[in-house]
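Visitor: structure for this input, please:
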Amino acid sequence: MTKGTIKTIGIGVLFSMLWASASVATKFGVHSAPPLILANVRFFLAGMVLLGYCYGISKDKIYRLPNATEWKQLAIFGFLNTAVYLGLYVYAMKFTAAGIGSLAVSTNPLLMVIFSSWLIGRRPSGAEILSIVLGMTGIAFATYPLLGHQSTSLMGIGLLMLSMVVVSFASVYYARVTWALPNLLINGWQVALGGLFLLPVTAIFGDFQSFQPDATFWYSVLWLSLAVSVVGLICWFFLLKLDTVKASLWLFLCPLFGFFYAWWLMNEPITWYTICGTSLVVLGLYIGQRQRIKTQT
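Guide: Numbers count the residues shown, from 1 in each chain. A predicted model of the protein is given here:
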């Protein structure tokens, strides 16, 4: 095994661990702050760090200001990928178990198949439809025993799945745009713009009276902003540069890490429903990714 292979595996595992931790970190954060406030602080902090590095610390000339067309593209992507998707996701986590949140995120590649097929006018294959059915069935199976507990509600599951639909559409939009800007700059601007779009909603509907900026809140925000939105995405972009299809295979590990974190840090139970549901989602991911590999070879 070469050093390059070991490095890729290490970065892939690190990405999976960080990406899967977002649901638990969000769950901790909403105990101290209303979801909209938590989301806005996270977006602005991540945006400042990324843009501060691009325009302040780095001396690379590739980090330039976007042109008029790029501002429009960044605004659309930031509205979908940050303001709507993450806004819904953070709000949903107030009414959803952390493990289910992590499991739902793993369905993103499956939903992308449907949107990609719809946008290019291609009928989904039988394997792609099967992968979607398995993924949705797995989430329903893992969720079922939790619906009787206060940690999970039908409203939370509905908002969570709606957020997955939005981020899948945003991912397809991102893939269809020919970007001239560096990935770090794209992410920095889209998360900052997403925060600006969400700010009026937070100002009107945010419950500022229940906001408690305690240590739990700041640990949650710092982890979500720096570990997930900055380090996690840097790992993801590194993997995407090597191979787009193989990069998405690291999402297979996210449900496993997600349920481990939920059990370890939040005492959420791991039952046969959890194991069977997660297995169905992973199987759906495998079938969907195998189909993509066949399509691209």
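Visitor: which residue ranges form the helices in the stretch 151-297 of the chain?
Guide: Ranges of helices within the stretch 151-297 of the chain are 154-176, 183-205, 215-222, 233-242, 244-248, 254-266, 272-296, based on DSSP state H, counting those that start in this stretch.
Visitor: those: which one's closest to A97?
Guide: helix 254-266 (6.6 Å; C-beta to C-beta). The way it works is simple: take the backbone N, C-alpha and C, and place the C-beta from them, glycine included.
Visitor: now the closest one: mean pLDDT?
Guide: Averaged across helix 254-266, pLDDT comes to 87.
Visitor: buried residues, it. List them.
Guide: 254-263 (16 or more other C-beta atoms under 10 Å).
Visitor: stretch 280-288 now?
Guide: 280-285, 287-288.
Visitor: farthest-separated two in the buried residues of helix 254-266?
Guide: C254 and W263 (14.9 Å).
Visitor: about what we covered before: need the buried residues of helix 254-266 in TSV with distance to L130, can you?
Guide: TSV is the format used below for the buried residues of helix 254-266 (distance: C-beta to C-beta, whole Å):
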residue	distance to L130
C254	21
P255	18
L256	22
F257	25
G258	23
F259	24
F260	27
Y261	29
A262	28
W263	29
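Visitor: follow-up on the earlier one: I'd like the helices of the stretch 151-297 of the chain as JSON lines, with distance to I129 appended.
Guide: Shown next, in JSON lines, are the helices of the stretch 151-297 of the chain (distance: least, C-beta to C-beta, whole Å):
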{"stretch": "helix 154-176", "distance to I129": "15"}
{"stretch": "helix 183-205", "distance to I129": "31"}
{"stretch": "helix 215-222", "distance to I129": "38"}
{"stretch": "helix 233-242", "distance to I129": "26"}
{"stretch": "helix 244-248", "distance to I129": "18"}
{"stretch": "helix 254-266", "distance to I129": "21"}
{"stretch": "helix 272-296", "distance to I129": "10"}
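Visitor: shaky segments in the stretch 101-250 of the chain?
Guide: Applying pLDDT under 70 to the stretch 101-250 of the chain picks out residues 113, 116-122, 148-151, 243-246, 248.
Visitor: recalculate using a threshold of 50.
Guide: Filtered on pLDDT under 50, the stretch 101-250 of the chain yields no residues whatsoever.
Visitor: any idea how far N81 is from S171?
Guide: 8 Å (C-beta to C-beta, to the nearest Å).
Visitor: check W218 too.
Guide: 24 Å.
Visitor: enumerate every residue touching the residue most central in space within the chain.
Guide: Centrality entry for the chain: nearest residue to the mean C-alpha point is V105, 5.9 Å, by C-alpha atoms, centre = their mean. V105 makes contact with 19-20, 22-23, 164, 254, 258, according to C-beta atoms under 8 Å, 6 or more residues apart in numbering.
Visitor: what's the farthest-apart pair in those residues?
Guide: Top of the distance list for these (C-beta to C-beta): A20 and M164, 15.1 Å.
Visitor: higher neighbour count, these two?
Guide: More neighbours surround A20 than the other of A20 and M164, with 29 against 23 (other C-beta atoms under 10 Å).
Visitor: gap between the more buried one and G258?
Guide: 4 Å.
Visitor: and D214, by the same measure?
Guide: For D214 relative to G258 (C-beta to C-beta), the value is 25 Å.
Visitor: also S229?
Guide: 17 Å.
Visitor: what's the answer for P200, then?
Guide: Using C-beta to C-beta, P200 is found at 32 Å from G258.
Visitor: OK, contacts around the closest residue to A22 other than its chain neighbours?
Guide: In space, not counting the residues next to it along the chain, A22 is nearest to V228; the distance is 4.9 Å by C-beta to C-beta, 6 or more residues apart in numbering. Contacts for V228 (C-beta under 8 Å, 6+ apart) come out as 18-19, 21-22, 25.
Visitor: ditto for V49
Guide: Contacts of V49 (C-beta under 8 Å, 6+ apart): 188, 225-226, 230.
Visitor: so for the strand or helix carrying it, what gets flagged as buried?
Guide: Using DSSP states H and E, V49 sits in helix 35-52. Going by neighbour count (16+ other C-beta under 10 Å), the buried part of helix 35-52 is 35-47, 49-51.
Visitor: and if you look at stretch 226-233?
Guide: 227-230, 232-233.
Visitor: quick check: pLDDT value at Q291.
Guide: pLDDT, Q291: 58.
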